[in-house]
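> Quick one, what's the 3D model for this:
(chains A and B)
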Amino acid sequence: MTAPAAAPASAASAPSSPGPRALWRRARGPVALVLALTALAVVVSIGTERPPEGVLEPEGPNPEGARALVAIAEDRGADVTVARDAATAADALTGDAVLVVALPHRLTRAELDRLAEAPGDRLLVRPTGPALEALAPGVRMTGRVDDGALDPRCDLPEAAAAGTAATGGELYTGPDGTTACYPADGGAALVRVPVGGGATATVLGTRDPLTNTGLAAPGNAALALNLVGTGDVVWLLPDVPAEGGRATIWELLPAGLRAAPAPLAAALLLLAFWQGRRLGPLVTERLPVVVRAAETTEGRAALYAARRARDRAAAALREGFSARVRPALGLGPDAPPDTVAAAVADRTGADPARVRALLSGPPDGPDPATADDAGLVRLADDLDRLDGLLR
Amino acid sequence: MAVTGRAVLAAFALVPVVVVVGAAGPWPVAALIAALVVLIAVDLALAPSARAVAFERSGDTSIRLGETATVELVVANPARRVLRARVRDAWPPSAGARPRVRDLRVPPGERRRIGTELTPQRRGDHVAAGVTVRSTGPLGLAARQCTHTVPWAVRALPPFHSRRHLPGKLSRLRELDGRHSALVRGQGSEFDSLREYVPGDDVRSIDWRATARRENVVVRTWRPERDRRILIVLDTGRTSAGRVGDVPRLDHAMDAALLLAALAAKAGDRVDLLAYDRRVRAQVRGHGRGSRVPAFVQAMAPLEAELVESDPAGLVAAILGERGGRTRRLVVLLTDLDPAALEEGLLPVLPALTSRHLLLVAAVGDPRVAEMAAGRGTARAVYAAAAAERTLAGRRRVTAELRRHGVEVVDAGPEHIAPALADAYIALKAQGRL
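Numbering: from 1, shown residues only, chains lettered A, B, ... in the order given. Coordinates of the predicted model:
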């Protein structure tokens, strides 16, 4: 192979960065893909809006929701208005509407007072003390029963028509004139008291008959529908009360400082762009492998040291010595160790037995060179000394 | 595009201004930010196009490793506005390009010449990566940027450090040749010419037949063989990748090969080159007389050791299969005396090669191993010495095995491999064994 020309002749320069058109060509695929995915996500999400969920939520299909009850009531001709706060509920209440207070514990005292002034019948579901006080005066909670199913044992038409229902829960006692149904030890699970203006307040000690799951139990549906009625219904499910009316730190800052983040963000973006923009692409290079020629030897040395392979180390040192001195002694490469030892002893005048022990270990008993590391170091030094005598 | 530090500074300077002005409402703030954006946009629009800049290169294309090459770049500004640009002439890191970046001002329609100095740290071809221009606008706020391909390559050739040995070896060669004033019968075995007898000449070299035809006594003169063929084989397999000192074995081998090639060319022999691991990686065939060293240097420059096990059977087949591969040659194999690689790879296929050719194996020994073998004093040093003795014993065993097959072996450290190989060649020539 003849070597190729070392360098091309001066060729014309050509821009290699993509131009605006090339950038657009390169970007339009991904951009189109992102747009298509966004459109798809929007299309898919339409119509799959999650219904609200919550306890006695009139639109909630969850087990504790009340969507089934509300739907059946509407089928039967009821007009259900959902109110999320006391003010809306009070505004919606006219003379013949039934107010269902689903979660009375979320109402503040002021809101309870506002509701107490509103006309119409009320259904309180497991009310708190303040709610009882405001909306069903005279009724007190006097006990609990855990057993689910109770018998009505009263002449309240709604309860009597429903028969046995799972009304076990809090029990109430009312003042004179109270109709008490589903009695148990310590009170009744359903009480109705007049609250003036011809209106009544009905207190139910449990939410179960109204929920989606509870509705299926015998008697519950009849009782719940009877209680809600077929007229106008205002279903009050108060939102969790939010604290308000306080200024945040941000609102207390001067207007100038509040305007500062925009230019600061812009400046930081510019800073990032300034520092991040590279002057031309990175240059790659195929690097040669870097491996030391003596690496295997060093690895073997480390293995010897790690395993304390004194026998192998000593053998290697002795063989190396023999190979070094053989030519000087006029011996061939195949000369056995004993011949080498004899020749070395002959040349140096040393004790032949000692030299033989040094070169091939003592004929009987353990080899001092392989007994410990110090012995190995001594062997190396002894061989060196012998080598020096031969020179 | 790109923004400059000045634009960033202006943006940060805007922040305290906004804090003061912000009390007056959001509009002044928006106006200030918009003003900065407009300024940057205007500056960008006014900056001369970086794409339109034209380049041209000239300069060195090949140097010896260790020398410095200068590559010039002509920057032409075809625009009608002054080009204020930062130019980066990019090269691979090991090319050692200086300076990396420079600022340039080119008036409209003019050209400027800039030079880049390359001091490659590695042998081989160094290919220019591209020229990036960042053209700044008149306000110094924004810049347009474009990278241009401006092809160029600089080949870093093997340094041939061993050429300092060449004069000494050449004079030894001339001694053989008889051209040196020496009153000995010319060494060698090839008949050269007839000349008149001079007292002192060896009487055995008198050519009686020629003497009979003339009045004077005529002697034959002899000279070392000429026009012998030598094939230098570089093993580029894994054993050549190991570094002796800080240089791969392959580079030491190249150095020795170059000295041998230069010497053999002077001696009138024909030298070929083959680089092989599992396939032919470079090949130079000598044609007639003349030094092939420049061709060798060019062929060796891009060679790198590959991390593969060499294939000696394929190598032998490649040598024997070459055109004229059946005529006797001196095959100089530069490899490592690695017992595992040679005993399993080369030794079984050796007879095929040695039956026809004379093989000389040259290997670079590692001084680090010798240094380890001399370690004493601590247990760790003695273990290292033992390991080094194992390595040396392996080399001795392989050397003995090769010699038994009639192979010449040269094993020397990196400093001495080139002269040792040259000496071995001269000795073979003196013995007439080529």
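
> How is the chain divided into domains?
Chain wasn't specified; assuming chain A. Per automatic domain parsing, the structural domains of chain A span A:67-236, A:303-390.

> Sorry, I should have been clearer: chain B.
Domains of chain B are assigned by automatic domain parsing as B:1-157, B:198-223, B:229-430.

> Out of the ones you listed, which is the most enclosed?
Greatest average neighbour count among the domains of chain B goes to domain B:229-430 (a mean of 20), per mean count of other C-beta atoms under 10 Å in any protein chain shown. Using the backbone N, CA and C atoms, a C-beta is placed for each residue, glycine as well.

> That one spans what distance, first to last residue?
End-to-end distance for domain B:229-430, by C-alpha to C-alpha, to the nearest Å: 15 Å.

> export the domains of chain B to JSON lines and tack on mean pLDDT and distance to chain A?
Formatted as JSON lines, these follow (pLDDT from 0 to 100; distance: least, C-beta to the nearest C-beta, whole Å):
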{"stretch": "domain B:1-157", "mean pLDDT": "92", "distance to chain A": "3"}
{"stretch": "domain B:198-223", "mean pLDDT": "80", "distance to chain A": "32"}
{"stretch": "domain B:229-430", "mean pLDDT": "90", "distance to chain A": "3"}
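
> Can you identify each of the helices in the stretch 101-250 of chain B by residue range?
Counting by DSSP state H, counting those that start in this stretch, the stretch 101-250 of chain B has helices at residues B:166-177, B:208-213, B:249-266.

> where do the helices sit along the stretch 251-391 of chain A?
For the stretch 251-391 of chain A, the helices defined by DSSP H, counting those that start in this stretch occupy A:255-259, A:261-276, A:295-307, A:310-329, A:337-348, A:352-360, A:373-390.

> If you count neighbours, what's buried in the last one?
Which is helix A:373-390. A:D373, A:G375, A:L376, A:V377, A:L379, A:A380, A:D382, A:L383, A:L386 (16 or more other C-beta atoms under 10 Å in any protein chain shown).

> ok, the first one touching A:Y304?
No - A:D373 lies out of contact with A:Y304 (C-beta atoms under 8 Å); the separation is 10.9 Å.

> related to what we said a few turns ago, tabulate the helices of the stretch 101-250 of chain B (TSV), appending distance to B:W152.
Formatted as TSV, the helices of the stretch 101-250 of chain B follow (distance: least, C-beta to C-beta, whole Å):
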stretch	distance to B:W152
helix B:166-177	32
helix B:208-213	63
helix B:249-266	25
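
> So B:L353 versus B:E343, what's the distance?
Distance of B:L353 to B:E343, given as C-beta to C-beta, to the nearest Å: 16 Å.

> Let me know how buried A:P152 is, in neighbour terms.
By other C-beta atoms under 10 Å in any protein chain shown, 23 other residues sit near A:P152.

> Show me where the stretch 251-400 of chain B has its helices.
Under DSSP H, counting those that start in this stretch, the stretch 251-400 of chain B gives helices at B:293-300, B:312-321, B:339-341, B:347-354, B:367-373, B:379-404.

> What lies in contact with stretch B:336-347?
Here stretch B:336-347 makes contact (C-beta atoms under 8 Å, 6 or more residues apart in numbering or on different chains) with A:293, B:235, B:237, B:239-240, B:242, B:249, B:309-313, B:335, B:361, B:363-365, B:394-395, B:397-399, B:401-402, B:405, B:409, B:411.

> and that stretch, C-alpha only, in PDB?
The C-alpha coordinates for stretch B:336-347 follow below in PDB (Å, rounded to 0.1, in the frame of the first residue of the first chain):
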ATOM      1  CA  ASP B 336       7.300  -8.800  21.600                       C
ATOM      2  CA  LEU B 337       8.800 -11.900  23.100                       C
ATOM      3  CA  ASP B 338       5.500 -12.700  24.800                       C
ATOM      4  CA  PRO B 339       5.700 -16.400  25.700                       C
ATOM      5  CA  ALA B 340       2.000 -17.000  25.400                       C
ATOM      6  CA  ALA B 341       1.600 -15.200  22.100                       C
ATOM      7  CA  LEU B 342       4.700 -16.700  20.400                       C
ATOM      8  CA  GLU B 343       4.500 -20.300  21.700                       C
ATOM      9  CA  GLU B 344       0.900 -20.700  20.700                       C
ATOM     10  CA  GLY B 345       1.000 -18.500  17.600                       C
ATOM     11  CA  LEU B 346       4.300 -18.200  15.900                       C
ATOM     12  CA  LEU B 347       6.200 -21.400  16.800                       C
END
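
> Tell me how far it lies from the chain's centre.
Distance of stretch B:336-347 from its chain centroid, counting by C-alpha atoms, centre = their mean, to the nearest Å, is 26 Å.

> B:N216 and B:L194 touch, don't they?
No - with contacts counted by C-beta under 8 Å, B:N216 stays clear of B:L194, the gap being 10.4 Å.

> I'd like to know how many residues surround the nearest residue to A:D372 once chain neighbours are set aside.
The spatially closest residue to A:D372, leaving aside those adjacent along the chain, is A:R310, at 7.7 Å (C-beta to C-beta, 6 or more residues apart in numbering or on different chains). A count of nearby residues for A:R310, using other C-beta under 10 Å, gives 22.

> Enumerate every residue touching A:R310.
A:R310 neighbours (C-beta under 8 Å, 6+ apart): A:A369, A:T370, A:A371, A:D372, A:D373, A:G375, A:L376.

> Turn the residues you listed into JSON lines, columns for pLDDT.
As requested, those are exported to JSON lines (pLDDT from 0 to 100):
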{"residue": "A:A369", "pLDDT": "84"}
{"residue": "A:T370", "pLDDT": "85"}
{"residue": "A:A371", "pLDDT": "87"}
{"residue": "A:D372", "pLDDT": "88"}
{"residue": "A:D373", "pLDDT": "90"}
{"residue": "A:G375", "pLDDT": "91"}
{"residue": "A:L376", "pLDDT": "92"}
